[in-house]
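Visitor: Sharing a sequence plus its predicted fold:
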Amino acid sequence: MSVDAIILRQQVRALLKEHLERGGEQTLERAYELGRTALDGGIGLLHMMALHHEALRAMMQDGGAARLPEVLEASQALLVESLSPYEMTQMTFRETTAAWRRLNERLEEEAQRIAHALHDESGQLLVMAHIALAELEEDLPPRNRRRLQEARALLDQMEEQLRRISHELRPTILDDLGLVPALEFLAEGVSKRGGLHIEVESEIDDRLAAGLETALYRVVQEALTNVSRHARARRVVVRLRQEGGEIVCAVCDDGIGFDATQVMAPGARSGLGLIGMEERLSVLGGTVSVKAVPGCGTEIWVRVPMEVRHVPAHIARG
């Protein structure tokens, strides 16, 4: 037991004795401050309750049994006050989680808006450009039409790229067909743009909860983006399987890797987008971990409970 914990034990016992003798708000306020100090010092909730239990037992052995109702009442009052900071922290965590869900909602809505703009508005402009070039081509002699045909071929490529980016921003295939087809579509697009060989291997046949599919899709999307930008990889494998009550997803590449100890050290600035992954998964009770060695590639492992916590439908479907 650390010195701080020993001092804390003495303080809890002293407070109980004082509150039993004098009562009043002053000792309750000090109990609250004691709880806050314990929380800041890394003392866990169960440890704090154990200290109160020890104080109560010591009081009972020291003659308190004769005043049992008073001792129990005083002990309960102090315990409630000293645990209040823990309750407030829990409330703050819940509010933060709710705020993160709302932020996800906004991001998904914005992605949907941009996807529609790319697909519809840009598509209309490209159609008009095609019509204008076709009309211009009719007025040109055959020997001068070649350059226009090259321009129209470039417009076709641009249209294909915009369509693919639009689908990746708001993957309707995810809603219609599920996670695996959506990941295969995503992998195909990233592979074409980045010159990577990407395989999607899945042992999951059934559809997952909508919120879980959306979260896993976004995490894999972020992981593949990182591979394209930083890994210098030639091959990537995305694996999905079920282990007990969890979905396990891994994104493994054969790139240059990195020193995971240095990059993941507290205070280090990670360029892997791991914070975003962790925050997205934490809403579902999931975790993400990284295995990497310089020169030996990188593995990103995600584990998420299949029974996801409540996820609003607008987040689940985007």
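Guide: Looks like it arrived, so ask away. Numbering: from 1, shown residues only.
Visitor: going forward, measure contacts between C-alpha atoms and count neighbours the same way
Guide: OK.
Visitor: Return the residues in contact with Leu79.
Guide: Neighbouring residues of Leu79 by Cα atoms under 8 Å, 6 or more residues apart in numbering: Ala31, Met49, His52.
Visitor: out of those residues, which one sits closest to Asp120?
Guide: Among the contacts of Leu79, Met49 lies closest to Asp120 (Cα to Cα), at 60.2 Å.
Visitor: so that closest one is in which element?
Guide: helix 45-61 (DSSP states H and E).
Visitor: cool, Glu199 as well?
Guide: Assigned by DSSP H and E, Glu199 falls in strand 197-202.
Visitor: Give the pairing partners of that strand; include direction for each.
Guide: If you go by DSSP bridges, strand 197-202 pairs up with strand 235-243 (parallel).
Visitor: Whichever helix or strand comes after the partner strand - contacts with which helices or strands?
Guide: Downstream of strand 235-243, the next assigned helix or strand under DSSP H and E is strand 246-253. Packing partners of strand 246-253 (3 or more Cα pairs under 8 Å, 6 or more residues apart in numbering; DSSP states H and E): helix 210-226, strand 235-243, strand 298-305.
Visitor: From the chain's centre, how far out is the last one? Work that out for me.
Guide: It refers to strand 298-305. 11 Å (Cα atoms, centre = their mean, to the nearest Å).
Visitor: Flag the shaky bits of this structure, pLDDT-wise.
Guide: Applying pLDDT under 70 to the chain flags the ranges 1-3, 263-272, 308-318.
Visitor: coming back round to it: looking at the contacts of Leu79, which is nearest Glu160?
Guide: Met49 (62.3 Å).
Visitor: Contacts only, for the most centrally placed residue in the chain.
Guide: For the chain, the residue nearest the mean C-alpha position is Arg280 (2.2 Å; Cα atoms, centre = their mean). Each residue near Arg280 by Cα under 8 Å, 6+ apart is listed here: Trp100, Asn104, Ala215.
Visitor: what's around the last one, how many residues?
Guide: Taking other Cα atoms under 10 Å as the criterion, the count of residues near Ala215 is 22.
Visitor: which residues touch it?
Guide: Arg280, Leu281.
Visitor: how close does it sit to Arg234?
Guide: Distance of Ala215 to Arg234, given as Cα to Cα, to the nearest Å: 26 Å.
Visitor: What about the contacts of Leu79, which one has the most neighbours?
Guide: Neighbour-wise, these (other Cα under 10 Å) top out at Ala31, 25 neighbours.
Visitor: related to what we said a few turns ago, ok, the contacts of Arg280 vs Ala153, which is closest?
Guide: Ala215 (36.6 Å).
Visitor: Check which helix or strand the residue nearest to the centre of the chain maps to.
Guide: Going by DSSP H and E, Arg280 is in helix 274-282.
Visitor: contact partners of the helix or strand following that helix?
Guide: Counting by DSSP H and E, the next helix or strand C-terminal to helix 274-282 is strand 287-292. Contacts to strand 287-292, defined as Cα under 8 Å, 6+ apart, come from residues 257-260, 274, 277-278, 281, 298-304.
Visitor: What is the distance between strand 287-292 and the centre of its chain?
Guide: Offset of strand 287-292 from its chain centre (Cα atoms, centre = their mean): 13 Å.
Visitor: List the pairing partners of that strand within its sheet, with orientation.
Guide: strand 298-305 (antiparallel).
Visitor: What residues of the strand it pairs with count as buried?
Guide: Thr298, Glu299, Ile300, Trp301, Val302, Arg303, Val304, Pro305 (16 or more other Cα atoms under 10 Å).
Visitor: Hmm, the third one is touching Cys252, no?
Guide: If I follow you right, that is Ile300. Yes. Ile300 is within contact range of Cys252, at 6.5 Å (criterion: Cα atoms under 8 Å).
Visitor: coming back round to it: adding distance to Glu108, write the helices and strands packed on strand 246-253 out as TSV.
Guide: As requested, those are exported to TSV (distance: least, Cα to Cα, whole Å):
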stretch	distance to Glu108
helix 210-226	10
strand 235-243	23
strand 298-305	20
